[in-house]
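Asks: prediction below, plus the sequence it came from.
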Amino acid sequence: MEYPKMIIFDYGHTLLYEPDWDSVRGNAELLRYATKNPKNCTLEDVRKGAELIFGKHIESIRKMGYDICGQVGNKVLYEYLGIEFSLTPLEMETVFWNGASKGALMPDADKMLDYINENGIRSAVISNLLWSGDALTERLNRLLPNNQFEFVMTSSDYFMRKPNRILFDIALQKNGLDADEVWYCGDNPTADIEGASQVGIYPIWYDNDTEKSYKDRSDEKIPLCEHLHIHEWGELIDLLEKLKQ
C-alpha cells in the first residue's frame, strides 16, 4: 500500500448524511417560490406527480445503472403540473434539497479532511446522486467549508452510475494521476469499493453505523476485491500517519 497523492470520496453516508429527510417538506419549501399555479395544485398533487416522474420513470432508469439530472426531472414534473417558479434550475435543486434535509457531517469528516489538506493529499468527490455537481458542491462548501476538492462529479451530470468504470476513468483524466497513486473511500461495497478497484484505484470501505438504518444490512456483501475496511475516519488518519514514517 502506497501513500496516496489523492483521495476521492463518495458523498452520502461517507462525508455527509441527510438526517430527518422529508421530501414533502422540501416540496413545500419549493412551492413558496411558485409564480404561476393555474391548476391550483396542492402539496399532495406535487407529491403524486413526483411519485410518477421520479418514483416510477426516473427510478426505473436508475435501476439500469443510468441517471437523469434532477433538473430535468423537475422540468418534467412542474411543466406537467403547470407550475412556474422565480428560481433557476440550480436554485430549485438547492431549495428543495435544503428543505428536505439541511444535511449533517459524518463523524469527524471535517477533521479527516483537515488532516489530508495539511498533509498535501489532494481530494475530490464522485457520487451517485440525482442532484447536479453544482448543487452538491454548494452543500459540501456549506457543511465542509475547509474542503479543497478539486472536482465534484455526480452521476446525474454524466448519465451513468457507479460502479461504471467510466466515472473513475474520467476522474483519473481530471487529476492527471496514475490509478495506483489514488485511493477511493465510500460506503457501498459494490458501487464504491468494487467500482474503484476495477480501474486500479485502491478502495477504502468506510462502514460507519451513523444512520445505517437507511439500508438493509442483510443486503450488504463483502467486496470481492482487495480493500481496507474501516469504521471511523480516525482509522484513516492513523493509517496515513504510519505510511508517512
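Replies: That came in fine, so what should we check first? Numbering: from 1, shown residues only.
Asks: next one: the helix or strand of the chain with the lowest mean pLDDT to chain centre, how far?
Replies: Least confident helix or strand, the chain: helix 59-62 with a mean of 93, by mean pLDDT, DSSP states H and E. Centre-to-centre, helix 59-62 and its host chain are 17 Å apart (CA atoms, centre = their mean, to the nearest Å).
Asks: show the subsequent helix or strand relative to it.
Replies: Scanning forward in sequence from helix 59-62 by DSSP states H and E, the next helix or strand is helix 70-81.
Asks: show the average pLDDT along that next one.
Replies: Averaging pLDDT along helix 70-81 gives 96.
Asks: what packs against it?
Replies: Here helix 70-81 touches helix 43-50, helix 89-100, going by 3 or more CB pairs under 8 Å, 6 or more residues apart in numbering; DSSP states H and E. In this view, the C-beta of every residue, glycine as well, is placed from N, C-alpha and C.
Asks: return the most buried member of those.
Replies: helix 89-100 (a mean of 19; mean count of other CB atoms under 10 Å).
Asks: who's in contact with Asp114?
Replies: Asn146 (CB atoms under 8 Å, 6 or more residues apart in numbering).
Asks: now the helices for this protein?
Replies: Applying DSSP state H to the chain gives helices spanning 23-31, 43-50, 59-62, 70-81, 89-100, 109-118, 133-143, 155-158, 165-175, 195-197, 233-244.
Asks: CSV please, covering those and showing distance to Glu226.
Replies: Listed next are these as CSV, based on distance: least, CB to CB, whole Å:
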stretch, distance to Glu226
helix 23-31, 38
helix 43-50, 41
helix 59-62, 28
helix 70-81, 35
helix 89-100, 35
helix 109-118, 22
helix 133-143, 29
helix 155-158, 25
helix 165-175, 16
helix 195-197, 7
helix 233-244, 15
